[in-house]
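J.: I would like the atomic coordinates for the input below:
(chains A and B)
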Amino acid sequence: SAVISQKPSRDICQRGTSLTIQCQVDSQVTMMFWYRQQPGQSLTLIATANQGSEATYESGFVIDKFPISRPNLTFSTLTVSNMSPEDSSIYLCSVAVRYRSYEQYFGPGTRLTVT
Amino acid sequence: DQQVKQNSPSLSVQEGRISILNCDYTNSMFDYFLWYKKYPAEGPTFLISISSIKDKNEDGRFTVFLNKSAKHLSLHIVPSQPGDSAVYFCAARSLGRDDKIIFGKGTRLHILP
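T.: Numbers count the residues shown, from 1 in each chain, chains lettered A, B, ... in the order given. This is a model prediction of the structure:
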């Protein structure tokens, strides 16, 4: 298993500003994912961030809005840019072992409220 | 288009009885099905999985059943305990470029004393 921490745990931000969320893993992992969970909804994959390559974004998510960095095998950041109230969600990072990519380990999440 | 559906938003079960959580899916190409458990203010934790080539997988009090012809899976918890009160997410892995996992909306399970 892996232990994952996220910073900040929660934040309240003004419309039009940006927030960078950090994800730290206690071991080296290849596969890292960023999810969003809007109120009452399922977890939706934003992008896959594998070290050594550019992040792969899912339909409906773009790099300009959600830039991702993956500088090494234990760390990643997700930025929510030019925020609007619709971006209010819980943002979660997760990691997986390649040969068992269905068994993902999640961080505690970052609860973002945009006013 | 919801590929993984959990039609019951919540379920209440007496402590000691069996909890059955249901899930339906639409994509025949899913190769693994999963259940995750989530407590408030925590991230989801992996609970149990089943390969699409099997129809049952058991791990202690947790058993997952897969009915491929009906595109249906269920999670059985026996006996139910107070610590089982949580939100349970059904999920499925779609093989592809990045092995994407698709989640249902979750079912909140309440274990009653």
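J.: Just the closest residue of chain B to chain A, please.
T.: B:Gly43 (3.1 Å; Cβ to the nearest Cβ). C-beta here means a position set from N, CA and C on the backbone, and glycine is covered the same way.
J.: does that residue really touch A:Thr110, like I thought?
T.: No - contact criterion Cβ atoms under 8 Å: B:Gly43 and A:Thr110 do not qualify, at 10.3 Å.
J.: shared neighbours of the two, anything?
T.: Residues touching both B:Gly43 and A:Thr110 by Cβ atoms under 8 Å, 6 or more residues apart in numbering or on different chains: A:Leu92.
J.: How about the helix-or-strand element of chain B with minimal mean pLDDT and chain A, touching?
T.: Ranking every helix and strand in chain B by mean pLDDT, DSSP states H and E puts strand B:100-103 at the bottom, with a mean of 88. Yes - contact of strand B:100-103 with chain A (Cβ under 8 Å from any Cβ of the partner chain) involves B:100-103.
J.: and these as CSV, adding neighbour count?
T.: Listed next are the residues of strand B:100-103 next to chain A as CSV, based on neighbours: other Cβ atoms under 10 Å in any protein chain shown:
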residue, neighbour count
B:Lys100, 16
B:Ile101, 25
B:Ile102, 20
B:Phe103, 23
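J.: burial of A:Tyr91, as a residue count?
T.: Using other Cβ atoms under 10 Å in any protein chain shown, A:Tyr91 has 22 neighbouring residues.
J.: in what helix or strand does it lie?
T.: strand A:89-97 (DSSP states H and E).
J.: Can you tell me which residues in chain B are near chain A?
T.: Near chain A, when you scan chain B using Cβ under 8 Å from any Cβ, you find B:4, B:32, B:34, B:36, B:41-46, B:49, B:89, B:91, B:93, B:97-106.
J.: mind running it again at 10 Å?
T.: Contact residues, chain B versus chain A (Cβ under 10 Å from any Cβ of the partner chain): B:2, B:4-6, B:9, B:30-34, B:36, B:38-39, B:41-51, B:89-93, B:95, B:97-106.
J.: what stretches of chain B score poorly on pLDDT?
T.: Residue ranges of chain B with pLDDT under 70: B:1, B:96-98.
J.: residue ranges of the strands in it, please?
T.: Here chain B has its strands, by DSSP state E, at B:4-5, B:10-14, B:19-25, B:30-38, B:45-51, B:56-59, B:62-67, B:72-77, B:86-94, B:100-103, B:107-112.
J.: List the neighbouring strands of the fifth one plus their orientation.
T.: Same thing as strand B:45-51. Strand B:45-51 pairs in its sheet with strand B:30-38 (antiparallel), by DSSP bridges.
J.: Buried ones in the strand it pairs with, by neighbour count?
T.: Within strand B:30-38, the residues that qualify as buried by neighbour count (16 or more other Cβ atoms under 10 Å in any protein chain shown) are B:30, B:32-38.
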